[in-house]
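Asker: What follows is a protein structure lacking sequence information:
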(Lines give C-alpha, C1' and ligand atoms only; values in the text may rest on other atoms or scores of the structure.)
Protein backbone atom coordinates (compact mmCIF):
# COMPACT_ATOMS: atom_id res chain seq x y z
CA UNK A 1 0.00 0.00 0.00
CA UNK A 2 1.49 3.34 -1.02
CA UNK A 3 1.14 6.42 1.13
CA UNK A 4 -1.05 9.13 -0.35
CA UNK A 5 -2.08 12.59 0.75
CA UNK A 6 -5.72 13.68 0.85
CA UNK A 7 -7.44 17.05 1.14
CA UNK A 8 -10.80 17.34 2.90
CA UNK A 9 -12.47 20.77 2.42
CA UNK A 10 -15.04 22.02 4.93
CA UNK A 11 -16.96 25.14 5.97
CA UNK A 12 -14.68 27.90 7.27
CA UNK A 13 -14.74 27.68 11.06
CA UNK A 14 -15.30 23.91 11.25
CA UNK A 15 -11.74 22.70 10.68
CA UNK A 16 -11.33 21.45 14.28
CA UNK A 17 -14.42 19.21 13.99
CA UNK A 18 -13.21 17.66 10.73
CA UNK A 19 -9.68 17.20 12.12
CA UNK A 20 -11.10 15.24 15.07
CA UNK A 21 -13.18 13.08 12.73
CA UNK A 22 -10.17 12.21 10.56
CA UNK A 23 -8.02 11.36 13.59
CA UNK A 24 -10.81 9.17 14.98
CA UNK A 25 -10.74 7.23 11.69
CA UNK A 26 -7.07 6.53 12.38
CA UNK A 27 -5.36 8.87 9.90
CA UNK A 28 -2.46 11.24 10.47
CA UNK A 29 -3.07 14.95 9.93
CA UNK A 30 -0.42 16.69 7.81
CA UNK A 31 -1.85 20.23 7.89
CA UNK A 32 -4.89 22.28 8.89
CA UNK A 33 -5.67 25.47 6.94
CA UNK A 34 -8.69 27.72 6.54
CA UNK A 35 -11.46 25.59 5.08
CA UNK A 36 -9.50 22.35 4.66
CA UNK A 37 -7.68 19.55 6.45
CA UNK A 38 -4.91 17.56 4.74
CA UNK A 39 -4.12 14.04 5.93
CA UNK A 40 -2.18 10.89 5.05
CA UNK A 41 -3.58 7.51 4.06
CA UNK A 42 -3.47 4.74 1.46
CA UNK A 43 -5.71 3.44 -1.32
CA UNK A 44 -8.31 2.16 1.18
CA UNK A 45 -8.59 5.67 2.60
CA UNK A 46 -10.48 6.69 -0.56
CA UNK A 47 -13.28 4.30 0.47
CA UNK A 48 -13.29 4.88 4.24
CA UNK A 49 -13.01 8.69 4.12
CA UNK A 50 -15.89 9.00 1.64
CA UNK A 51 -18.15 6.61 3.56
CA UNK A 52 -17.41 7.71 7.16
CA UNK A 53 -16.59 11.44 7.21
CA UNK A 54 -19.63 13.53 8.16
CA UNK A 55 -18.31 17.10 7.93
CA UNK A 56 -16.24 17.34 4.74
CA UNK A 57 -17.69 18.36 1.39
CA UNK A 58 -15.54 15.94 -0.62
CA UNK A 59 -12.29 13.96 -0.49
CA UNK A 60 -9.54 15.02 -2.88
CA UNK A 61 -6.54 12.87 -3.74
CA UNK A 62 -3.69 15.39 -3.65
CA UNK A 63 -1.50 15.25 -6.78
CA UNK A 64 0.88 18.10 -6.02
CA UNK A 65 1.59 21.62 -4.82
CA UNK A 66 3.76 24.28 -6.45
CA UNK A 67 4.16 28.03 -6.94
CA UNK A 68 3.11 29.73 -10.19
CA UNK A 69 2.85 33.41 -11.03
CA UNK A 70 2.67 33.05 -14.84
CA UNK A 71 0.72 30.74 -17.14
CA UNK A 72 4.03 29.28 -18.42
CA UNK A 73 4.97 28.32 -14.87
CA UNK A 74 1.51 26.84 -14.34
CA UNK A 75 1.80 24.77 -17.54
CA UNK A 76 5.28 23.41 -16.82
CA UNK A 77 4.62 22.62 -13.15
CA UNK A 78 1.34 20.88 -13.99
CA UNK A 79 3.04 18.87 -16.72
CA UNK A 80 5.73 17.79 -14.25
CA UNK A 81 3.21 16.04 -11.98
CA UNK A 82 2.92 12.20 -12.28
CA UNK A 83 -0.54 12.10 -13.84
CA UNK A 84 0.04 8.64 -15.36
CA UNK A 85 0.06 7.21 -11.81
CA UNK A 86 -3.59 8.14 -11.44
CA UNK A 87 -5.27 8.58 -14.85
CA UNK A 88 -5.35 5.48 -17.10
CA UNK A 89 -4.94 5.70 -20.86
CA UNK A 90 -8.73 5.74 -21.45
CA UNK A 91 -9.53 7.99 -18.49
CA UNK A 92 -11.84 10.98 -18.91
CA UNK A 93 -10.28 13.98 -17.19
CA UNK A 94 -10.99 17.69 -16.94
CA UNK A 95 -10.31 20.57 -14.56
CA UNK A 96 -13.76 20.72 -12.97
CA UNK A 97 -13.10 23.74 -10.77
CA UNK A 98 -10.37 26.36 -10.37
CA UNK A 99 -10.37 28.83 -7.48
CA UNK A 100 -7.92 31.71 -7.19
CA UNK A 101 -7.50 33.92 -4.10
CA UNK A 102 -4.98 36.76 -3.79
CA UNK A 103 -2.94 35.41 -6.71
CA UNK A 104 -1.49 36.76 -9.95
CA UNK A 105 -3.30 34.07 -11.94
CA UNK A 106 -6.97 34.79 -11.41
CA UNK A 107 -8.97 33.70 -14.49
CA UNK A 108 -10.60 30.31 -13.69
CA UNK A 109 -11.32 29.48 -17.34
CA UNK A 110 -7.72 30.18 -18.41
CA UNK A 111 -6.34 28.18 -15.48
CA UNK A 112 -8.60 25.24 -16.39
CA UNK A 113 -7.69 25.35 -20.09
CA UNK A 114 -3.92 25.58 -19.57
CA UNK A 115 -3.85 22.82 -16.95
CA UNK A 116 -5.87 20.47 -19.18
CA UNK A 117 -3.37 21.04 -22.04
CA UNK A 118 -0.44 20.39 -19.69
CA UNK A 119 -1.94 17.10 -18.48
CA UNK A 120 -2.61 16.00 -22.07
CA UNK A 121 1.01 16.73 -23.03
CA UNK A 122 2.29 14.72 -20.06
CA UNK A 123 0.10 11.72 -20.86
CA UNK A 124 0.99 11.87 -24.59
CA UNK A 125 4.63 11.35 -23.64
CA UNK A 126 3.98 8.67 -21.03
CA UNK A 127 1.44 6.64 -23.04
CA UNK A 128 3.08 7.33 -26.41
CA UNK A 129 -0.21 8.47 -27.91
CA UNK A 130 -1.28 11.54 -29.85
CA UNK A 131 -5.01 11.32 -29.08
CA UNK A 132 -7.11 10.23 -26.09
CA UNK A 133 -10.66 8.99 -26.55
CA UNK A 134 -11.48 9.53 -22.85
CA UNK A 135 -14.12 6.80 -22.85
CA UNK A 136 -13.19 5.31 -19.47
CA UNK A 137 -13.78 6.32 -15.85
CA UNK A 138 -14.02 9.99 -14.86
CA UNK A 139 -11.28 11.95 -13.05
CA UNK A 140 -12.48 15.48 -12.19
CA UNK A 141 -9.55 17.68 -11.19
CA UNK A 142 -9.81 20.58 -8.72
CA UNK A 143 -7.25 23.31 -8.27
CA UNK A 144 -6.91 26.06 -5.68
CA UNK A 145 -4.46 28.95 -6.02
CA UNK A 146 -3.86 30.82 -2.77
CA UNK A 147 -1.23 33.59 -2.76
CA UNK A 148 0.34 32.02 -5.88
CA UNK A 149 0.53 28.56 -4.24
CA UNK A 150 -1.19 26.03 -6.50
CA UNK A 151 -2.73 22.91 -4.91
CA UNK A 152 -3.97 20.21 -7.28
CA UNK A 153 -6.19 17.25 -6.45
CA UNK A 154 -8.47 14.69 -8.10
CA UNK A 155 -11.98 14.53 -6.69
CA UNK A 156 -12.71 11.02 -5.40
CA UNK A 157 -16.28 11.81 -4.30
CA UNK A 158 -18.17 13.08 -7.35
CA UNK A 159 -21.35 14.65 -6.01
CA UNK A 160 -20.68 16.65 -2.85
CA UNK A 161 -20.68 14.52 0.31
CA UNK A 162 -23.55 16.54 1.79
CA UNK A 163 -25.73 14.57 -0.63
CA UNK A 164 -26.27 11.57 1.63
CA UNK A 165 -29.11 10.26 -0.50
CA UNK A 166 -31.95 10.67 2.01
CA UNK A 167 -33.04 14.25 1.42
CA UNK A 168 -35.35 13.99 -1.58
CA UNK A 169 -37.74 16.60 -0.16
CA UNK A 170 -36.33 19.92 0.94
CA UNK A 171 -37.26 23.29 2.42
CA UNK A 172 -36.74 26.80 1.03
CA UNK A 173 -33.33 27.44 2.63
CA UNK A 174 -32.15 24.12 4.07
CA UNK A 175 -28.99 23.68 6.10
CA UNK A 176 -26.61 21.21 4.42
CA UNK A 177 -26.17 17.77 5.92
CA UNK A 178 -22.44 18.31 6.47
CA UNK A 179 -23.01 21.60 8.31
CA UNK A 180 -25.81 20.12 10.41
CA UNK A 181 -23.59 17.21 11.45
CA UNK A 182 -20.74 19.57 12.35
CA UNK A 183 -23.00 21.76 14.51
CA UNK A 184 -24.22 18.72 16.45
CA UNK A 185 -20.62 17.56 16.92
CA UNK A 186 -19.70 21.00 18.31
CA UNK A 187 -22.15 20.46 21.19
CA UNK A 188 -21.90 18.07 24.16
CA UNK A 189 -25.09 16.29 23.02
CA UNK A 190 -25.07 12.50 23.32
CA UNK A 191 -27.68 9.99 22.27
CA UNK A 192 -28.98 9.51 25.84
CA UNK A 193 -30.06 13.19 26.08
CA UNK A 194 -33.25 14.63 24.62
CA UNK A 195 -32.76 16.80 21.51
CA UNK A 196 -35.33 19.17 19.98
CA UNK A 197 -35.19 21.25 16.79
CA UNK A 198 -38.19 23.65 16.82
CA UNK A 199 -37.41 24.94 13.30
CA UNK A 200 -36.72 21.54 11.74
CA UNK A 201 -37.73 22.28 8.13
CA UNK A 202 -37.10 19.12 6.12
CA UNK A 203 -35.55 17.46 9.17
CA UNK A 204 -31.81 17.70 8.49
CA UNK A 205 -30.61 18.41 12.06
CA UNK A 206 -32.74 15.70 13.75
CA UNK A 207 -31.84 13.18 11.03
CA UNK A 208 -28.11 13.88 11.26
CA UNK A 209 -28.31 13.62 15.06
CA UNK A 210 -30.07 10.25 14.83
CA UNK A 211 -27.44 9.00 12.37
CA UNK A 212 -24.67 10.11 14.74
CA UNK A 213 -26.43 8.52 17.74
CA UNK A 214 -26.97 5.23 15.90
CA UNK A 215 -23.47 5.41 14.37
CA UNK A 216 -24.79 5.17 10.81
CA UNK A 217 -22.07 6.14 8.34
CA UNK A 218 -23.23 9.09 6.19
CA UNK A 219 -22.00 7.64 2.89
CA UNK A 220 -23.46 4.15 3.19
CA UNK A 221 -26.30 4.62 0.73
CA UNK A 222 -24.75 6.54 -2.15
CA UNK A 223 -22.23 6.15 -4.96
CA UNK A 224 -18.81 7.73 -5.43
CA UNK A 225 -17.01 8.58 -8.64
CA UNK A 226 -13.89 6.67 -7.53
CA UNK A 227 -15.70 3.32 -7.25
CA UNK A 228 -14.70 2.68 -10.87
CA UNK A 229 -10.99 3.42 -10.28
CA UNK A 230 -10.09 -0.27 -10.02
CA UNK A 231 -6.48 0.40 -11.08
CA UNK A 232 -6.10 2.39 -7.82
CA UNK A 233 -8.65 0.85 -5.44
CA UNK A 234 -9.73 -2.80 -5.49
CA UNK A 235 -13.48 -3.45 -5.40
CA UNK A 236 -12.80 -5.51 -2.28
CA UNK A 237 -11.79 -2.34 -0.41
CA UNK A 238 -15.25 -0.82 -0.99
CA UNK A 239 -16.97 -4.00 0.20
CA UNK A 240 -14.79 -4.06 3.33
CA UNK A 241 -15.56 -0.41 4.13
CA UNK A 242 -19.32 -0.98 3.76
CA UNK A 243 -19.07 -4.11 5.95
CA UNK A 244 -17.22 -2.07 8.57
CA UNK A 245 -19.95 0.60 8.42
CA UNK A 246 -22.72 -2.01 8.82
CA UNK A 247 -20.93 -3.63 11.75
CA UNK A 248 -20.66 -0.27 13.52
CA UNK A 249 -24.42 0.52 13.47
CA UNK A 250 -25.98 0.52 16.94
CA UNK A 251 -29.25 -1.33 16.35
CA UNK A 252 -30.31 -1.24 20.01
CA UNK A 253 -29.76 2.47 20.70
CA UNK A 254 -32.69 4.41 22.19
CA UNK A 255 -32.99 8.14 21.46
CA UNK A 256 -35.45 10.92 22.14
CA UNK A 257 -35.14 13.32 19.19
CA UNK A 258 -37.96 15.69 18.22
CA UNK A 259 -38.44 18.02 15.28
CA UNK A 260 -41.14 20.69 15.02
CA UNK A 261 -42.11 23.07 12.27
CA UNK A 262 -45.04 25.43 11.74
CA UNK A 263 -45.37 24.23 8.12
CA UNK A 264 -47.21 20.91 7.86
CA UNK A 265 -45.76 20.15 4.42
CA UNK A 266 -42.25 20.42 5.87
CA UNK A 267 -43.13 18.04 8.69
CA UNK A 268 -44.38 15.50 6.14
CA UNK A 269 -41.17 15.97 4.11
CA UNK A 270 -39.05 15.50 7.24
CA UNK A 271 -40.82 12.21 8.04
CA UNK A 272 -40.18 10.91 4.51
CA UNK A 273 -36.52 11.94 4.65
CA UNK A 274 -36.05 10.27 8.04
CA UNK A 275 -37.59 7.08 6.64
CA UNK A 276 -35.13 7.12 3.72
CA UNK A 277 -32.25 7.64 6.16
CA UNK A 278 -33.42 4.66 8.21
CA UNK A 279 -33.84 6.70 11.41
CA UNK A 280 -37.59 7.40 11.47
CA UNK A 281 -38.05 5.21 14.57
CA UNK A 282 -35.73 7.54 16.52
CA UNK A 283 -37.43 10.88 15.69
CA UNK A 284 -40.83 12.33 16.48
CA UNK A 285 -41.87 15.06 14.01
CA UNK A 286 -44.85 17.32 14.70
CA UNK A 287 -46.45 20.45 13.23
CA UNK A 288 -46.08 22.99 16.00
CA UNK A 289 -45.09 26.66 16.33
CA UNK A 290 -41.83 27.38 18.14
CA UNK A 291 -43.67 29.52 20.72
CA UNK A 292 -45.49 26.38 21.99
CA UNK A 293 -42.24 24.60 22.82
CA UNK A 294 -42.25 23.11 26.31
CA UNK A 295 -40.96 19.90 27.81
CA UNK A 296 -41.17 18.33 31.27
CA UNK A 297 -37.78 16.67 30.93
CA UNK A 298 -34.66 18.40 32.25
CA UNK A 299 -31.18 18.89 30.82
CA UNK A 300 -32.25 18.67 27.18
CA UNK A 301 -30.70 20.19 24.07
CA UNK A 302 -32.05 22.52 21.39
CA UNK A 303 -30.02 22.66 18.17
CA UNK A 304 -31.70 24.75 15.50
CA UNK A 305 -31.42 26.86 12.37
CA UNK A 306 -34.18 29.51 12.63
CA UNK A 307 -34.98 32.01 9.84
CA UNK A 308 -32.59 34.95 9.76
CA UNK A 309 -34.12 37.30 7.25
CA UNK A 310 -32.12 36.54 4.11
CA UNK A 311 -34.93 38.02 2.08
CA UNK A 312 -35.69 41.74 2.44
CA UNK A 313 -39.40 41.13 3.11
CA UNK A 314 -38.51 38.92 6.11
CA UNK A 315 -36.09 41.28 7.86
CA UNK A 316 -38.74 43.31 9.69
CA UNK A 317 -40.02 40.19 11.47
CA UNK A 318 -36.63 39.15 12.88
CA UNK A 319 -36.54 41.24 16.12
CA UNK A 320 -39.92 39.84 17.22
CA UNK A 321 -38.96 36.28 16.27
CA UNK A 322 -35.67 36.33 18.19
CA UNK A 323 -37.32 37.96 21.20
CA UNK A 324 -39.82 35.07 21.22
CA UNK A 325 -36.96 32.57 20.83
CA UNK A 326 -35.29 34.05 23.91
CA UNK A 327 -38.50 33.95 25.96
CA UNK A 328 -39.47 30.41 24.87
CA UNK A 329 -36.05 28.79 25.20
CA UNK A 330 -35.41 30.64 28.48
CA UNK A 331 -38.34 28.84 30.15
CA UNK A 332 -36.43 25.57 29.75
CA UNK A 333 -33.99 26.72 32.41
CA UNK A 334 -31.93 23.50 32.65
CA UNK A 335 -31.59 23.09 28.90
CA UNK A 336 -28.69 24.01 26.61
CA UNK A 337 -29.51 25.64 23.30
CA UNK A 338 -27.47 26.17 20.15
CA UNK A 339 -28.59 28.51 17.38
CA UNK A 340 -26.98 29.07 13.98
CA UNK A 341 -28.09 32.31 12.35
CA UNK A 342 -26.98 35.06 10.02
CA UNK A 343 -29.01 37.61 11.99
CA UNK A 344 -26.34 39.80 13.58
CA UNK A 345 -28.59 41.21 16.33
CA UNK A 346 -29.74 37.77 17.50
CA UNK A 347 -28.13 37.97 20.96
CA UNK A 348 -29.60 41.41 21.56
CA UNK A 349 -33.17 40.27 20.95
CA UNK A 350 -32.72 36.86 22.60
CA UNK A 351 -31.88 38.91 25.66
CA UNK A 352 -28.86 36.92 26.77
CA UNK A 353 -25.23 36.86 25.69
CA UNK A 354 -24.14 33.48 24.41
CA UNK A 355 -21.59 31.52 26.44
CA UNK A 356 -19.75 30.81 23.19
CA UNK A 357 -20.05 32.30 19.73
CA UNK A 358 -18.37 30.69 16.73
CA UNK A 359 -18.25 32.31 13.29
CA UNK A 360 -18.98 29.85 10.50
CA UNK A 361 -19.07 30.66 6.80
CA UNK A 362 -21.99 28.95 5.12
CA UNK A 363 -20.75 29.38 1.56
CA UNK A 364 -20.09 33.12 1.31
CA UNK A 365 -22.55 33.96 4.09
CA UNK A 366 -21.17 34.71 7.54
CA UNK A 367 -23.22 33.01 10.23
CA UNK A 368 -22.91 32.79 14.00
CA UNK A 369 -23.28 29.65 16.10
CA UNK A 370 -24.54 30.92 19.46
CA UNK A 371 -24.04 28.41 22.26
CA UNK A 372 -26.04 28.78 25.47
CA UNK A 373 -24.92 26.22 28.03
CA UNK A 374 -27.33 24.92 30.64
CA UNK A 375 -26.28 23.22 33.88
CA UNK A 376 -24.80 19.74 33.73
CA UNK A 377 -27.12 16.97 34.91
CA UNK A 378 -26.21 15.31 38.21
CA UNK A 379 -24.06 12.24 37.84
CA UNK A 380 -25.95 8.99 37.99
CA UNK A 381 -25.16 7.06 41.13
CA UNK A 382 -24.58 3.36 40.73
CA UNK A 383 -26.74 1.11 42.87
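Answerer: That came in fine, so what should we check first? Everything quoted here is computed from the prediction, not taken from an experiment.

Asker: immediately after the lowest-mean-pLDDT helix or strand in the chain, which helix or strand?
Answerer: Least confident element among the helices and strands of the chain, by mean pLDDT, DSSP states H and E: helix 312-315 (a mean of 72). Following helix 312-315 in sequence order, the next helix or strand is helix 318-331 (DSSP states H and E).

Asker: which residues of the stretch 151-300 of the chain fall in strands?
Answerer: 195-197, 257-261, 283-287 (DSSP state E, counting those that start in this stretch).

Asker: Adding mean neighbour count and distance to residue 220, write those strands out as CSV.
Answerer: Any C-beta I mention is one placed from the backbone N, CA and C, and that applies to glycine too. Below are the strands of the stretch 151-300 of the chain laid out as CSV (neighbours: other C-beta atoms under 10 Å; distance: least, C-beta to C-beta, whole Å):
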stretch, mean neighbour count, distance to residue 220
strand 195-197, 26, 22
strand 257-261, 25, 19
strand 283-287, 18, 18
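
Asker: Just put these in TSV and tack on distance to residue 309.
Answerer: Output for the strands of the stretch 151-300 of the chain, formatted as TSV (distance: least, C-beta to C-beta, whole Å):
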stretch	distance to residue 309
strand 195-197	19
strand 257-261	18
strand 283-287	23
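
Asker: what's the closest of those to residue 331?
Answerer: Among these, strand 195-197 comes nearest to residue 331, with 12.9 Å by C-beta to C-beta.

Asker: chain center to that closest one, what's the gap?
Answerer: Put simply, strand 195-197 sits 20 Å off its chain's centre (C-alpha atoms, centre = their mean, to the nearest Å).

Asker: Which neighbouring elements make contact with it?
Answerer: helix 204-213, strand 257-261, strand 301-304 (3 or more C-beta pairs under 8 Å, 6 or more residues apart in numbering; DSSP states H and E).

Asker: Touching the second one from outside, list them.
Answerer: Contact partners of strand 257-261, identified using C-beta atoms under 8 Å, 6 or more residues apart in numbering, comprise 194-201, 203, 205-206, 209-210, 213, 267, 270, 282-290, 293.

Asker: hang on, the earlier thing: which of the helices and strands packed on strand 195-197 sits most buried?
Answerer: Scoring the helices and strands packed on strand 195-197 by mean neighbour count under mean count of other C-beta atoms under 10 Å gives helix 204-213 as the most buried, with a mean of 27.

Asker: Can you tell me what sits against that helix?
Answerer: With C-beta under 8 Å, 6+ apart, helix 204-213 has contacts from 54, 166-167, 174-177, 180-181, 183-185, 189-191, 195, 197, 200, 216, 218, 250, 253, 255, 257-259, 270, 273-274, 277, 279, 282-283, 285, 303-305.

Asker: Quick one, which of those residues are buried?
Answerer: Among these, the ones that count as buried by 16 or more other C-beta atoms under 10 Å are 54, 166-167, 174-177, 180-181, 183-185, 189, 191, 195, 197, 200, 216, 218, 255, 257-259, 270, 273-274, 277, 279, 282-283, 285, 303-305.

Asker: and the closest residue in space to residue 295 that isn't next to it in sequence, what pLDDT?
Answerer: With C-beta to C-beta, 6 or more residues apart in numbering as the criterion, residue 295 has its nearest non-adjacent residue at 6.4 Å, and that residue is residue 332. On pLDDT, residue 332 comes in at 97.

Asker: Neighbouring strands - and their directions - for the strand or helix carrying residue 6?
Answerer: Using DSSP H and E, residue 6 sits in strand 4-9. Paired strands of strand 4-9, with direction, are strand 36-41 (antiparallel), strand 60-67 (antiparallel) (DSSP bridges).

Asker: Which one of those lies nearest to residue 321?
Answerer: Of the strands paired with strand 4-9, nearest to residue 321 by C-beta to C-beta is strand 36-41, at 34.5 Å.

Asker: Report how many residues lie close to residue 350.
Answerer: Using other C-beta atoms under 10 Å, residue 350 is surrounded by 23 other residues.

Asker: Now do the contacts for the nearest residue to residue 278 once chain neighbours are set aside.
Answerer: The spatially closest residue to residue 278, leaving aside those adjacent along the chain, is residue 216, at 6.6 Å (C-beta to C-beta, 6+ apart). The neighbours of residue 216, taking C-beta under 8 Å, 6+ apart as the test, are 210, 245, 249, 277, 278, 279.

Asker: Of the residues you listed, which is the nearest to residue 125?
Answerer: residue 245 (41.1 Å).

Asker: Tell me how many other residues crowd the closest residue to the closest one other than its chain neighbours.
Answerer: Counting by C-beta to C-beta, 6+ apart, residue 217 is the residue found nearest to residue 245 once chain neighbours are left out, at 3.8 Å. For residue 217, the neighbour count with other C-beta under 10 Å is 21.

Asker: now residue 132
Answerer: Counted with other C-beta under 10 Å, residue 132 comes out at 18.

Asker: shouldn't it be in contact with residue 119?
Answerer: No: using C-beta atoms under 8 Å as the test, residue 132 is too far from residue 119 to be in contact (9.9 Å).

Asker: For the lengthiest helix in the chain, the averaged confidence score.
Answerer: Counting residues, the longest helix found in the chain (DSSP state H) is helix 108-127. Average pLDDT, helix 108-127: 98.
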